[in-house]
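>>> requesting a structural model of the entry that follows:
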Amino acid sequence: MSKQTIKNFLSCTLIISFGFFSSYCQTDTVKNITYENLTLKDLLNVKIVSVSKTPEFLFDAPLSASVLTKEDIRRAGSTSIMEALRLVPGLIVREQSNGNYDIHLRGMDNVPPNVPFDITSNTTTLVMVDSRPIYSYLKGGTFWETLPVDLNDVEKIEVIRGPAAALYGPNAVNGVINIITRQPQKEGLYLVSNSRHGSNETLITNVSAGYRSKKWSVIASGNYQGRQRSQTSYYEYYRNLWFDEPQYLLKFTGDTARNIMERSPDPALAMKKYAGNMFLNYQPSENVRINLSAGIQHSIVQKVSTENAITPLSTAASDSRYADLKARVKGFIAQVSYKEGTQTTDYDPGNTYDFNTLDANIEYNYTRGKWSLKPGLSYSNAMYDDTKHSDLINKTGIFNAKGKITTETASLRGEYKLFNNKLRLVAGVALNKFNFPDTTYLSYQFASTYKLNKKSILRLVYSHAPRSSTIFDTYVDQTVAIFPTGFKKFTSITLEGNKKIKLLTANMFEIGYRTTINSKINIDVEIFDIRGKNYNTLVHNGPYQQLRGTDTIIVLPLISTNLPLKLTQQGITVSFIYSMKKMQLKPFITIQKTVMKDYTRFNNTPDAIGVPYQNNPRQNNIYSGMGTKQTFQGTPTVFGGAYLNYLVTPKLNVNMNLYYYSPQTYYHFTNVMFNDGVRGIDHINAKLIVNANISYQVVKGLYFFCSGKNLLNDTSREFFKTDEVPFMLFGGMNFEF
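Numbering: from 1, shown residues only. Coordinates of the predicted model:
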């Protein structure tokens, strides 16, 4: 994008902003109140379901939570669900390539440092669609591009900060992001469509059509995103440089990595995805409600998803299908969801696997007077199989097995109110039985709120949550390299799973305070202390000998192993809302400090030998950092943003939103491999991202808009050796009937 284009857009923004502030000083003559100009009371009385699994006002919620509405997203000009999460307090959202983001709740990312990317991806936040888990059990985390829903389908996004496994099961270690889909609000035809086109050949289209009667409604939706990268070059670990379409082969740990152009056949591609959904709702009476949804999706992206030995960006592809059934009959609520598909983490036949997951739960809500009890049972079964796509003899697949992760959970949640409902006590406990490790983990949550008066509420929370094991950590059986070391003698480097590995857990203590100062101002403060342990990675262990016919194989194994590392994080998040009839201002900031204890960068046990970059394993190993304490630099200490919206006229709306994070340093496992203090280390600069969106309502329900992303044109990368993020200009329309 040329400098003149940027100047023109900024000039346009300044002119409209001047009119915005001028209009602000004039008498308001708008009579029809719309969602664009809700009062502060209306904003705080938005209902949230994810905190207690029952609707309640956001102001009264006993946990730190936020609600992002479809109107917030539309007014901000967000181009995807991922980007929209920058509008939510407590979330770290960094772009890797056009439209592909690394997303973390309250940080704790790049933990442990000096390991492969996929181990430090966001494996501790549970993402859901209508309470249906979206979680990859391969190595943990969320493949955001595989979400079948997109902007058109979103009614609101509810975010819970802090462990919530007692409510939603394992993997809600740092919190929950629950995407609630839309339903027709009025009887008759329903039609919503939006389309935008922008820089880097970005095209985004969403269409939804449906119908609602008195007892039932149906919606069919489709979405498409096509995005190009801002560059076609790739960073290469070995030479520590970016290369445009490199044509070379690279030797790596005894193996030969294929040409990068085979792994990334379209260097310009950032994202191509499309999906279709069907939502059916039936409510024959007040006490009976049935929701059925189903859909398919296809995606191919270039993002940081796995290790390919050459460059951080990998080409990942996914084809999947899902069905979800949810029923409520009086106090009973049951939900069953199923998902299956085929995914490729990096373009290579050996990096492909088939999967299917089944999640089922049933709960009963019993309420009597001031008491409320909610017992529940849930079951999860995840099957992953790469045996059809790999060479099982040479073990070239991702994990070379047909693996299963199951979780059986019994839970009980209780609530009691006293002192004229001023004091609210909430407790939840869950017993989680896993197949691997073959043991039972307890998760719990204790929360209380006390209304000091009608305008102020104090809350206390203590919670504990485990993360489930993954297919890779449990089942991997991969030969990385094998080479001759003598007559009929060979040495083999292997990756091996561990079915007895301890599960990562986190404890959190939090104090929160919400207050409405007057009819225009609200402040929410949350002070938190989080402590995590049982982090794991692949660790060089002692060698052992195998016989294959007359050949002797000396195996140098890398085994999934728990580290002595413990992480502590203390911080504060402050959110502020200033709301008038035509204007909303919502700044928020998180300041935190993260400390590692008992950590060392060496990933081998004392009895390991043959580690190419470690000469003294008995002295330098995973236990050599015991007793140490160091500040963790892999996550920002300050991050946050602001959301400013102004309704200039009944038809013209101006929105500006900002997002900021402080400097951080990412440590990749090549830092240990090369050990030169340069390669494998990336210093991510502080960055302020300023976006603006101007929309105009031509006729009722039809909006045209113009958006600018990264108006300051700070092109600095936001993740380890990934793409530059330049200014982008968008234009488009949104229609609702």
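>>> rest of the way, CA atoms for contacts and neighbours
OK.
>>> in the stretch 151-300 of the chain, which spans are helices?
165-168, 260-263 (DSSP state H, counting those that start in this stretch).
>>> show residues contacting the first one.
Surrounding helix 165-168, the residues in contact under the criterion C-alpha atoms under 8 Å, 6 or more residues apart in numbering are 52, 171-173, 411, 413, 428-430, 443-445, 464-466.
>>> which stretch in the helices of the stretch 151-300 of the chain has the least confidence?
Here these differ in mean pLDDT, and the lowest is helix 260-263 at a mean of 65.
>>> the closest residue to residue 479 other than its chain neighbours and residue 66: what is the separation?
Nearest residue to residue 479 in three dimensions, chain neighbours excluded: residue 494, at 4.5 Å (C-alpha to C-alpha, 6 or more residues apart in numbering). Residue 494 sits 45 Å away from residue 66, going by C-alpha to C-alpha, to the nearest Å.
>>> looking at the two, which is more packed in?
Neighbours per residue, other C-alpha atoms under 10 Å: of residue 494 and residue 66, the larger number sits with residue 66, 23 against 19.
>>> isn't the more buried one up against residue 160?
Yes: using C-alpha atoms under 8 Å, residue 66 is in contact with residue 160, at 6.8 Å.
>>> okay, now the unreliable bits of this structure?
In the predicted model, the chain carries pLDDT under 70 at residues 1-41, 43-44, 245-262, 349, 610, 612-615.
>>> which residue is nearest the middle of it?
residue 103 (4.5 Å; C-alpha atoms, centre = their mean).
>>> for that residue, which non-adjacent residue is closest in space?
residue 93 (4.6 Å).
>>> any idea how far the one you found lies from residue 263?
From residue 93 over to residue 263 (counting by C-alpha to C-alpha), the distance is 26 Å.
>>> neighbour count winner among these two?
Each of residue 93 and residue 263 has its neighbours counted (other C-alpha under 10 Å); residue 93 has more, 26 against 19.
>>> next secondary structure after the helix or strand containing that one?
According to DSSP states H and E, residue 93 maps onto strand 91-97. Counting by DSSP H and E, the next helix or strand C-terminal to strand 91-97 is strand 100-105.
>>> contacts for that following strand?
Here strand 100-105 has contacts from 82-83, 90-96, 121-122, 125, 144-145, 161, 174-175, 270-271, 301-303, 719, using C-alpha under 8 Å, 6+ apart.
>>> what's the next secondary structure element after it?
helix 117-120.
>>> tell me the helix or strand right after that following helix.
strand 125-129.
>>> helices or strands next to that next one in the packing?
When contacts are defined as 3 or more C-alpha pairs under 8 Å, 6 or more residues apart in numbering; DSSP states H and E, strand 125-129 sits against strand 132-134, strand 175-181.
>>> quick one, that strand and strand 175-181 angle?
10 degrees (axes from the mean of the first three to the mean of the last three C-alpha atoms, to 10 degrees).
>>> between strand 100-105 and strand 125-129, find me the angle.
Computed by the same axes, to 10 degrees, the angle between strand 125-129 and strand 100-105 is 110 degrees.
>>> partners of strand 125-129 in the sheet?
strand 132-134 (antiparallel), strand 175-181 (parallel) (DSSP bridges).
>>> who's in contact with residue 151?
Applying C-alpha under 8 Å, 6+ apart, the residues contacting residue 151 are 70, 79-81, 206.
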